[in-house]
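A.B. asks: Got a predicted model here, sequence first, then my questions.
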Number of protein chains: 2
Amino acid sequence: MYRSHTCGELRIEDKQKEVTLSGWVQKIRDKGFMIWVDLRDRYGVTQLIFDEERTPKEMMEKASRLGREFVIQATGEVIERESKNPNMPTGDVEILVKELTILNTSEVPPFTIEEETDGGEDLRMKYRYLDIRRNPVKEKLIFRSKVAMEVRNFLSDKGFIEVETPVLIKSTPEGARDFVVPSRMNEGQFYALPQSPQTFKQLLMVGGMDKYFQIVKCFRDEDLRADRQPEFTQIDCEMAFVEQEDVLNIFEDFTRQLVKKVKNVEVKEFPRMTYADAMRKYGNDKPDIRFGMEFGELNDLAKNKGFNVFDQQELVVGIAVPGAASFTRKEIDKLIDWVKRPQVGANGLVWVKYNEDGTLKSSVDKFYSPEDLQEWAERTGAKPGDLILVMAGNTDKTRTQLSALRMHLANELGLRKADEFAPLWVVDFPLLEWDEETERYHAMHHPFTSPKPEDIKLLDTEPGKVRANAYDLVLNGNEIGGGSIRIHDRKTQEMMFGHLGFTPEEAKAQFGFLMDAFQYGAPPHGGIAFGFDRLVAILGGQETIRDYIAFPKNNAGRDVMIDAPSKIDEEQLKELNLQIVSETE
Amino acid sequence: MYRSHTCGELRIEDKQKEVTLSGWVQKIRDKGFMIWVDLRDRYGVTQLIFDEERTPKEMMEKASRLGREFVIQATGEVIERESKNPNMPTGDVEILVKELTILNTSEVPPFTIEEETDGGEDLRMKYRYLDIRRNPVKEKLIFRSKVAMEVRNFLSDKGFIEVETPVLIKSTPEGARDFVVPSRMNEGQFYALPQSPQTFKQLLMVGGMDKYFQIVKCFRDEDLRADRQPEFTQIDCEMAFVEQEDVLNIFEDFTRQLVKKVKNVEVKEFPRMTYADAMRKYGNDKPDIRFGMEFGELNDLAKNKGFNVFDQQELVVGIAVPGAASFTRKEIDKLIDWVKRPQVGANGLVWVKYNEDGTLKSSVDKFYSPEDLQEWAERTGAKPGDLILVMAGNTDKTRTQLSALRMHLANELGLRKADEFAPLWVVDFPLLEWDEETERYHAMHHPFTSPKPEDIKLLDTEPGKVRANAYDLVLNGNEIGGGSIRIHDRKTQEMMFGHLGFTPEEAKAQFGFLMDAFQYGAPPHGGIAFGFDRLVAILGGQETIRDYIAFPKNNAGRDVMIDAPSKIDEEQLKELNLQIVSETE
């Protein structure tokens, strides 16, 4: 037996017990006549002590040869420490070592295994197994595991059944690109890896499973942006005999309980907002509502007052930045530069200082009277001491730009509090969205999302105006989940594929299996999927997704530690009847 | 809201309540003046009633147009049934329908959706979504989900952390063949899909995670035998600072609790047996110990008595078949034919009837006296009324053949009771096994398994005799889990790769990342992995694995319903810089 206790559990009550601990050497203080070793395992750190008077000479020598990250086993008596450490749970005691075994030695690690390390990102990723020994990283992996358990407990209690859907499936285009897997047994043929188990979960609903969930790996072979992984984990849920309201209610409970269980925070409100309102008020379909700064549209107030720049634009819109009237000209210029950067792409900003004394001072005083500006203040909700920032231009673009500025300022002003959790349902998404590149409508969610019955009549005339029974769950400005009530009859599904530019033959070839299934008594159904990686990161405190993954991939989709992907050998290629046709390095 | 209750929950206490149910039409009895409909959902069946006197005419008509598997919603009053059905939990009540909505129609299903169906295997697989509506299939999927939850609950309570390991990894040969995945972002390079997360879980141990588990999909691109799936699910576990005894103890508790929770059966004994003993007593490293029929070796008793056939053979071995002395000559001949089939490949059987009256009659009476045969009876544990069957030949082959006969007879005689759970640890497996084809030793378990320290000295001289710190968990004659204490130092691991025929360069190229990790303080560690699919099937009652998988693949590895694998389009191939070089249909 390697240990009687972990390194995290001994207390003053254990005094005089003989114990055996195993772990890693965290720290050594060698004063010659006395040696202290901090021994670490997953559960904590316990101090070992060797001293000239009480420890045999050869063991003193052995102890003096220990190095950082050596793996050792120590047996000894729990004694009370002379100088206690109130910052450590085990800080009242230490082990007077009687037996010491070196279980494994260690090279000097390439970075320090401490709360704060001197290792850079690349080094830590290369030696991920050492990084994982560090408390903050280890705790993130444990946190992820806890979140998964709580998710399963909640859903299981509510009668959801976890069903595993296949990983090797048929390729069905759904937006992102499939990874494909050549099959040795079926020459010249390929499986695809799922981007989501969408169609399978719908078949389970047709199969009467009623409530399904799965925490499941999904895959997309896309260019990777920062913090996106080619393989990602999804909490996938589907329910039969539900309307939107039913799904929203159960996953409101879900989120509330999850935040309570893993963060011990009570979520108070769970507002709902239409997509149209979210865009109008925040310029964003996943607004962070932990802070205000709602948009105020100023068209009627700001146009036709002689300020040409505004007159020609579709939308004039502003926000009130709390307490920012004191910004210097330099600070404001910095903001103007910020919005002009190509990543934001705005032309500039008009500003209005609503001074503490109630006076108003703006960059457009030539064109607007104090009374005009007072109206702007009312519209944007500005109070004395605030700074009003105004943008103008094409409606969609301007909203996006002002939204970026709003988030930037909120970050700068510390308005996005990590310990606050503000969820929001965004509902009534458009069914279709115009794609400039392909010059046709695409499904905003996916082709299985149902249109609102009252909007179906618009499908032929104004397809962009048709609203879907689709909803997103937003948490602190991040989309953590999205779902919809699905189409469940063959005719509507066929019609939808038609509107998406599929020929009937294409629709049949790709999704015939689903439409066939709809002919045998498909129940009304709907569901939701959560990006588990992001959910965990947000609950964990807004850090990057990658931090919560044991073995993440880098931005080229390569394993951080084991060099994958890599070449496969010629024989394997031949067996698969494949040939690499071009190779540019 | 589609329903106020499920179809499984209404009781006599709910009388007079107005309820709304949704579900599938299971059965219709239309007597003209009265129509009964059995409405089914996941939770049960409830009877709806429409009658001339109390139901408006147009609703009677609507009801009369319903067909099997139509999806309907019915609102009405819970009333007491005139003729109650004690076989149904809802059998005391029925719903007098006031409102009826047809939510979806259905084609006539290709087979009956009943407990017992008229559909053959292929048809049921093609329409798997209809098969899943059948109670026995649905219950198997729910059972699988329950087993997974109980597994997680146990491991989580014991401090195991579920960590997700990558699915897209580097190809590392481990016996079975990898599926490979071409990477669009890394031209000419491939990921592999894991056959197990073995190396990753070992890295997690190096990383100090201490106790890891994962219920995880694994993949192998092999020719599929019946009841093997190219993607399968594993319960993967690893622990640091453990010896074999620690692993065996915790997974004994695990199995005991699991069987209790999902079957409400107490597992009494948990014996351990060495591999050598299992082979000697049962000719099999996964013996079913729910029944006896242990082998009796007869070399000393049966050789050199004038029976030439035995004299020349390495091993003479027999079993006593309980109560089979009454077998007719014809029945015995059938057994002889059975062992002569190519699948078994034996030369024949010698039989001895130990009659109820104590006399002995055999096929070799010419060579052996009754006293000789009496000794055989003692050696095989035969009692009056039993039949002794004896085989002879090469030791390994004969044991395998007699084991096949033993299992065949146990099945025939009903000795393998479905409600009995008899686990067994098989320990002390050989480290290496000779492979005739490649003419070298292979790792019996995998190259990371540690040899028993006391046997290391035999590695150079008698490698086949070296025992490993490896163990299998056998349940009712099935290997449900297997594991080992791993090598945790670089030198031993390098030596092992050497013995397996790797050059140092090959070992470094393929497993360098793991051996590098061992240099930074790898703790002693070990673990176990359970074949989840088989575990579920065995707990569920010894049925085929496929029955418990929602969307299994057929023997060619094709999805049962959606036609995968299939061709991918030219453009996709081009993007991956791949070409199909040969195509034979």
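C.D. replies: Good, I have the coordinates.
A.B. asks: What residue in the stretch 401-550 of chain A comes nearest to chain B?
C.D. replies: When scored by CB to the nearest CB, the stretch 401-550 of chain A has residue A:521 as its residue closest to chain B, at 3.6 Å. Any C-beta I mention is one placed from the backbone N, CA and C, and that applies to glycine too.
A.B. asks: and that residue, what does it touch?
C.D. replies: By CB atoms under 8 Å, 6 or more residues apart in numbering or on different chains, residue A:521 lies in contact with A:206, B:24, B:69-71, B:104-106.
A.B. asks: what do you get for residue A:450?
C.D. replies: Residue A:450 makes contact with A:468-469, A:484-488, A:492 under the criterion CB under 8 Å, 6+ apart.
A.B. asks: if we go to 10 Å?
C.D. replies: Residues in contact with residue A:450 (CB atoms under 10 Å, 6 or more residues apart in numbering or on different chains) are A:244, A:431, A:456, A:468-470, A:484-489, A:492-493, A:496, A:524-526.
A.B. asks: Could you point out the helix or strand that follows the helix or strand of chain A with the lowest mean pLDDT?
C.D. replies: Sorting the helices and strands of chain A by mean pLDDT, DSSP states H and E puts helix A:570-575 at the bottom, at a mean of 84. Using DSSP states H and E, the next helix or strand after helix A:570-575 towards the C-terminus is strand A:578-580.
A.B. asks: Let me know the distance separating the closest residue to residue A:66 other than its chain neighbours from residue A:71.
C.D. replies: Nearest residue to residue A:66 in three dimensions, chain neighbours excluded: residue A:25, at 5.2 Å (CB to CB, 6 or more residues apart in numbering or on different chains). Distance, residue A:25 to residue A:71, by CB to CB, to the nearest Å: 8 Å.
A.B. asks: ok, these two, which is more surrounded?
C.D. replies: Neighbours per residue, other CB atoms under 10 Å in any protein chain shown: of residue A:25 and residue A:71, the larger number sits with residue A:71, 27 against 22.
A.B. asks: if we look at chain B, which of the contacts of residue A:450 are close to it?
C.D. replies: Among those, the ones lying near chain B by CB under 10 Å from any CB of the partner chain are A:488-489, A:524.
A.B. asks: Take the residues you listed and lay them out in a markdown table including secondary structure and neighbour count.
C.D. replies: Putting the ones next to chain B among the contacts of residue A:450 into a markdown table (DSSP: H, G, I helix; E, B strand; the rest coil; neighbours: other CB atoms under 10 Å in any protein chain shown) gives the following:
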| residue | secondary structure | neighbour count |
| --- | --- | --- |
| A:488 | coil | 24 |
| A:489 | coil | 18 |
| A:524 | coil | 22 |
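A.B. asks: Dump those to CSV, plus distance to residue A:555.
C.D. replies: Formatted as CSV, these follow (distance: CB to CB, whole Å):
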residue, distance to residue A:555
A:488, 40
A:489, 43
A:524, 42
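A.B. asks: re earlier: intersection of neighbour lists for residue A:25 and residue A:71?
C.D. replies: Common neighbours of residue A:25 and residue A:71 (CB under 10 Å, 6+ apart) are A:39, A:102, A:106, B:521.
A.B. asks: Could you say which helix or strand holds residue A:78?
C.D. replies: Using DSSP H and E, residue A:78 sits within strand A:71-80.
A.B. asks: so how far is the longest helix seen in chain A off the chain centroid?
C.D. replies: For chain A, the longest helix by residue count, based on DSSP state H, is helix A:135-157. What separates the centre of helix A:135-157 from the centre of its chain is 14 Å, taken as CA atoms, centre = their mean, to the nearest Å.
A.B. asks: Now it: buried residues?
C.D. replies: Neighbour counts over helix A:135-157 (16 or more other CB atoms under 10 Å in any protein chain shown) mark A:135, A:137-138, A:140-156 as buried.
A.B. asks: Next: stretch A:406-416.
C.D. replies: A:406-407, A:409-410, A:415-416.
A.B. asks: which among those residues are in contact with chain B?
C.D. replies: Among the buried residues of stretch A:406-416, not one lies near chain B by CB under 10 Å from any CB.
A.B. asks: Arrange those in CSV, one row each, with distance to residue B:233 as further columns.
C.D. replies: Shown next, in CSV, are the buried residues of stretch A:406-416 (distance: CB to CB, whole Å):
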residue, distance to residue B:233
A:406, 46
A:407, 42
A:409, 48
A:410, 44
A:415, 45
A:416, 40
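A.B. asks: would you list every one of the helices in the stretch 201-350 of chain A?
C.D. replies: Secondary structure of the stretch 201-350 of chain A (DSSP state H, counting those that start in this stretch): helices at A:244-263, A:275-282, A:299-302, A:308-311, A:329-340.
A.B. asks: ok, now which ones touch residue A:97?
C.D. replies: Contact analysis of residue A:97 by CB under 10 Å, 6+ apart lists A:21, A:35, A:37, A:39, A:48-51, A:54-55, A:59-60, A:62-63, A:72, A:74-77.
A.B. asks: What's the separation between it and chain B?
C.D. replies: Distance of residue A:97 to chain B, given as CB to the nearest CB, to the nearest Å: 17 Å.
A.B. asks: swap in residue A:286?
C.D. replies: To chain B, residue A:286 is 25 Å away according to CB to the nearest CB.
A.B. asks: Residue A:181: neighbour count?
C.D. replies: 28.
A.B. asks: Residue A:166 versus that one, what's the distance?
C.D. replies: To residue A:166, residue A:181 is 12 Å away according to CB to CB.
A.B. asks: any residues in contact with both of those two?
C.D. replies: Counting by CB under 10 Å, 6+ apart, the residues touching both residue A:181 and residue A:166 are A:191, A:193, B:230, B:564.
A.B. asks: which residues does the last one contact?
C.D. replies: This points to residue B:564. A:166, A:168-172, A:181, A:183, A:186, A:189-192, B:553, B:557-558.
A.B. asks: Next step: the buried residues of stretch A:406-416 restricted to helices.
C.D. replies: Counting by DSSP H, the buried residues of stretch A:406-416 contribute A:406-407, A:409-410 to helices.
A.B. asks: okay, those in a markdown table with distance to residue B:570 and pLDDT next?
C.D. replies: Shown next, in a markdown table, are these (distance: CB to CB, whole Å; pLDDT from 0 to 100):
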| residue | distance to residue B:570 | pLDDT |
| --- | --- | --- |
| A:406 | 46 | 98 |
| A:407 | 43 | 97 |
| A:409 | 50 | 97 |
| A:410 | 48 | 96 |
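A.B. asks: Of all pairs in those residues, which one is the farthest apart?
C.D. replies: With CB to CB as the measure, no two of these lie farther apart than A:407 and A:409, at 7.4 Å.
A.B. asks: list residues touching both of those two?
C.D. replies: Taking CB under 10 Å, 6+ apart as the criterion, residue A:407 and residue A:409 both touch A:291, A:293, A:415.
A.B. asks: Tell me, how many residues neighbour the second one?
C.D. replies: Each residue near residue A:293 was counted by other CB under 10 Å, and the total is 27.
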